[in-house]
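**Student:** Sequence and computational prediction follow.
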Amino acid sequence: MSNINKGIAIALKYSCKELYRIKEKEDRDRDRESESERERERERERERERERERERERGFSI
């Protein structure tokens, strides 16, 4: 294999590794965002439940 071909092979190898690292980082970021969104949705549901509980308490106290 000529030196040029070896150089190209090495460049491709490192480019692929870098692309893989970038994709892994994007996947982790997307997973974190998804988890954050799920946590916000759970918090909204808890708040709705607290509000329903307050409404029930007001209904009983009237």
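**Tutor:** Received, thanks. Numbering: from 1, shown residues only.

**Student:** In which helix or strand does residue 21 reside?
**Tutor:** Under the criterion of DSSP states H and E, residue 21 resides in helix 3-61.

**Student:** now that helix: mean pLDDT?
**Tutor:** Mean pLDDT, taken over the full extent of helix 3-61, equals 91.

**Student:** how distant is it from the center of its chain?
**Tutor:** What separates the centre of helix 3-61 from the centre of its chain is 1 Å, taken as CA atoms, centre = their mean, to the nearest Å.

**Student:** Tell me, how many residues neighbour residue 43?
**Tutor:** For residue 43, the count of nearby residues is 10 (other CB atoms under 10 Å). C-beta here means a position set from N, CA and C on the backbone, and glycine is covered the same way.

**Student:** same question, residue 45
**Tutor:** The burial count assigned to residue 45 is 10, neighbours taken as other CB under 10 Å.

**Student:** Look up how far residue 34 lies from residue 48.
**Tutor:** 21 Å (CB to CB, to the nearest Å).
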